[in-house]
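In: attaching a predicted model along with its sequence, questions to come.
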Amino acid sequence: MADPKDPRSTPDLAELQHWTWVMGRAQQMAMEQGLDWFDAARLPGVTDTPAAAQVRDFWTDSLTLWQRFLDPAAAPPPPAASDGDARDKRFKDPAWRDDPWFDWLRRSYNLVADHMLRGVDQLEGLDDKQKQQLRFAAKGFVDAISPSNFPATNPEVMAKTIETRGQNLLDGLQHMLADIGKGQMTHSPAGAFEIGRDLATTPGKVVKRTPLYELIQYAPTTEQVLATPVVIFPPWINRFYILDLTPEKSFIRWAVDQGLTVFMVSWKSADATMKDVIWDDYVGAQVDAIDTVRGLLDVPSVHAIGYCVAGTTLAATLALLSACGAADKVASATFLTAQVDFAAAGDLTHFVDDEQLALIGALSPQGFLDGRYLAATFNLLRGRDLIWSYVTSNYLLGKDHAPFDLLHWNGDVTNLPAKWHLSYLTDLYRDNLLVRPGALSVAGVPLDLTKVATPAYVQAGREDHIAPPESVWKITHLFTGPLRFVLAGSGHIAGVVNPPAAGKYQYWTNDHAADSLDEFVASATETRGSWWPDWAAWLRGHGEATVPADGARRPGEGALPALADAPGDYVRAR
């Protein structure tokens, strides 16, 4: 029994139950008085509003939780854990369920979080956009106040602190100060990976360099290759080697092994020399790369791939070529998690308002936006996984970072031309002009996506939070040519970077016409594993002719001499 006269003594369970009973009884009395007041007042419609119902439900659930804590035997049994509860890594430590105090703390937090988000959903007088913004903010707040984020309310941190006599907190402070020093949260240890050594190792040569991009040609690994080459346009928001991670994860290496001649555009990270770069320049660069490959290999057309924002730009490139009577330069176009209609563009739209746009301008005095700003924005989209889990693991528990190639890439940020980035957010995310025929122009040529008849392969990620599948689907209502839509398991990155050998996830296809994504999914066929083989088969369906892998098919042996070994210089530039 604790000594009630000693303020330093720790209360035992009996005393804790007594004082929680006192607090619970006080709350019950207040609630009963409040309900009696509502009944007595008989205010018309007050007790029937969603907000009033939300309050009553919260108090009822709270009292049930108190009762369960104070007298478990007499309390109603707790609700069965949902799938989400079972997979919540924040509360994986057994103490969150075995210790009565931490179990109550976890359940209390989940109760508050659930009612807070439900309360936002039931707010009246707000339009859909305002409600979505408020829910996003509320979710961020809920993630931030989780008891797992604080040392005094996390049983694992408390145990570790006692075990190490506080060394974990000192180690964590060192990690935090290092991150503050570099202005970016660390997700993978420095030095664990090196470009050209562990990542981006597929053999090839840089065969062209412009102020905006390097063009890499990869060495063939088969005696015969598909006659029509592949040109890949990655997003310039990140480094291109997301498609050339470790050899076993590399899409580029796999594609080369399938007998494809592969070219990759490696974009330059913006600096002050690019202060006047606009979207027209990126569209022009795509056309230039396509023409360069056609001329080098003496072929009439290429297969083009656009990933994320580069896929959005590829759609504009196709519209430009179509308007200029040059659509046949692209035999097929593949879109990886790319949006063209931004009416349902997901959580990123919450960062597109006048204040955010003004902030970007203020952060770009030299004409380019520091990539760390955008990295922080993307981290906020998955704050629980990319911020708070690392606060707990690396700052509170003091653990060293685990090597992870994908997270190394995620932290390898690039700078963006400020003028282009602002127009991208304004014209596409805010005003959604690309889907309006003639609303946007490139080099003075009005763009109309409904005139694009190029065969298209459109891939979306089922759990994509950056380019939601519902948003990617909208491209199917614009293009007029043959189109194959594939819904892949996982999200924006893992849904794309999913090598067949891994045997992970699945994808859905549907050979029947569908007017909506829900209709597509309802009758879709699920296939286990990677969608890459499906894409390769589709590609060969648009030209199976092959040629020997010699001459200009080998990097540096054609009209364009090798300027450097892959992965080139731009990918290493800060």
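Out: Thanks, I have the structure now.
In: ramachandran coordinates for the nearest residue to residue 545 once chain neighbours are set aside?
Out: In space, and not counting its chain neighbours, residue 545 is closest to residue 227: 4.3 Å by Cβ to Cβ, 6 or more residues apart in numbering. Quick note: C-beta positions are derived from backbone N, CA and C, even for glycine. Note on residue 227: its backbone torsions stand at phi -60, psi -40 [degrees, to the nearest 10].
In: which ones are touching residue 227?
Out: 299, 543, 545-547 (Cβ atoms under 8 Å, 6 or more residues apart in numbering).
In: list the contacts for residue 468?
Out: With Cβ under 8 Å, 6+ apart, residue 468 has these contacts: 344-346.
In: any idea which of those is least confident?
Out: Among the contacts of residue 468, residue 346 has the lowest pLDDT, at 80.
In: ok, now which ones touch it?
Out: Going by Cβ under 8 Å, 6+ apart, residue 346 touches 464-468, 471.
In: for ChimeraX, write the select line for the buried members of these.
Out: Here is the ChimeraX command that selects the buried residues among the contacts of residue 346 (16 or more other Cβ atoms under 10 Å):
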select :464,466,467,468,471
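In: and the two most separated of the contacts of residue 346?
Out: Taking Cβ to Cβ as the measure, the contacts of residue 346 span a maximum distance of 10.9 Å, between 465 and 471.
In: show me the strands in the stretch 251-400 of the chain, by range?
Out: Ranges of strands in the stretch 251-400 of the chain, per DSSP state E, counting those that start in this stretch, are 262-267, 302-307, 330-336, 368-369.
In: need these in JSON lines (columns: distance to residue 289, mean pLDDT and mean neighbour count).
Out: Rendered in JSON lines, the data for the strands of the stretch 251-400 of the chain read as follows (distance: least, Cβ to Cβ, whole Å; pLDDT from 0 to 100; neighbours: other Cβ atoms under 10 Å):
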{"stretch": "strand 262-267", "distance to residue 289": "5", "mean pLDDT": "98", "mean neighbour count": "26"}
{"stretch": "strand 302-307", "distance to residue 289": "9", "mean pLDDT": "98", "mean neighbour count": "26"}
{"stretch": "strand 330-336", "distance to residue 289": "11", "mean pLDDT": "98", "mean neighbour count": "25"}
{"stretch": "strand 368-369", "distance to residue 289": "22", "mean pLDDT": "89", "mean neighbour count": "23"}
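In: wait, which of those strands is closest to residue 485?
Out: Closest approach to residue 485 among these is made by strand 330-336 (9.7 Å; Cβ to Cβ).
In: burial count for residue 257?
Out: Neighbours of residue 257 under the rule other Cβ atoms under 10 Å: 13.
In: check what pLDDT it gets.
Out: For residue 257, the pLDDT comes out at 98.
In: kindly report the same for residue 127.
Out: 78.
In: cool, and the one 10 residues further on?
Out: Confidence per residue is given as pLDDT, and for residue 137 that number is 85.
In: which other residues reach stretch 187-195?
Out: Applying Cβ under 8 Å, 6+ apart, the contact partners of stretch 187-195 are 198-199, 239, 241, 386, 390, 400-405, 407-408, 410-411, 567, 571-572.
In: let's see 7 Å
Out: Contact partners of stretch 187-195, identified using Cβ atoms under 7 Å, 6 or more residues apart in numbering, comprise 199, 241, 390, 400-401, 403-405, 407-408, 410-411, 567, 571-572.
In: selecting buried members of these in PyMOL, what would you type?
Out: For the buried members of these, the matching PyMOL selection, counting by 16+ other Cβ under 10 Å, is:
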select buried, resi 199+241+390+401+405+407+408+410+411+567+571
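In: residue 88: how many residues sit nearby?
Out: Quick note: residue 88 (other Cβ under 10 Å) scores 17 neighbours.
In: no no, residue 488
Out: 26.
In: also residue 573?
Out: Using other Cβ under 10 Å: residue 573 sits among 13 other residues.
In: kindly report the same for residue 310.
Out: When neighbours are defined as other Cβ under 10 Å, residue 310 has 26 of them.
In: swap in residue 157?
Out: By the criterion of other Cβ under 10 Å, residue 157 has 23 neighbours.
In: correct me, but it touches residue 151?
Out: Yes - using Cβ atoms under 7 Å, residue 157 is in contact with residue 151, at 4.6 Å.
In: now do the shared contacts for those two.
Out: Residues touching both residue 157 and residue 151 (Cβ under 7 Å, 6+ apart): residue 396.
In: now the strands for the stretch 401-550 of the chain?
Out: 416-417, 441-442, 445-446, 456-461, 483-488, 506-509, 525-528, 546-548.
In: tally of neighbours for the spatially closest residue to residue 95 that is not a sequence neighbour?
Out: The spatial neighbour of residue 95 that comes closest, neighbours along the chain excluded (Cβ to Cβ, 6+ apart), is residue 155 at 3.6 Å. Using other Cβ under 10 Å, residue 155 has 20 neighbouring residues.
In: what residues are up against residue 155?
Out: 93, 95-96, 99, 102.
In: and the gap between it and residue 106?
Out: 10 Å (Cβ to Cβ, to the nearest Å).
In: do the same with residue 467
Out: Distance, residue 467 to residue 106, by Cβ to Cβ: 33 Å.
In: re the thing from before, could you report the pLDDT at the residue nearest to residue 545?
Out: With respect to pLDDT, residue 227 has a value of 98.
In: residue 3 too?
Out: Residue 3 carries a pLDDT value of 46.
In: for the remainder of this discussion, apply numbering that starts at 880.
Out: That works, and once the first residue is 880, the last one we named lands at residue 882.
In: for the stretch 1230-1379 of the chain, give me the ranges with low pLDDT.
Out: Within the stretch 1230-1379 of the chain, not a single segment meets pLDDT under 70.
In: try it again at 90.
Out: 1230-1245, 1248-1267, 1269, 1280-1281, 1285-1286, 1289-1290, 1292 (pLDDT under 90).
In: what about the helices in it?
Out: 1233-1241, 1250-1260, 1262, 1268-1269, 1284-1290, 1297-1303, 1348-1352 (DSSP state H, counting those that start in this stretch).
In: out of these, nearest to residue 1161?
Out: Taking those one by one with Cβ to Cβ, helix 1297-1303 is closest: 7.1 Å.
In: what's the closest one in contact with?
Out: Counting by Cβ under 7 Å, 6+ apart, 1154-1158, 1236, 1239-1240, 1243, 1246-1248 sit against helix 1297-1303.
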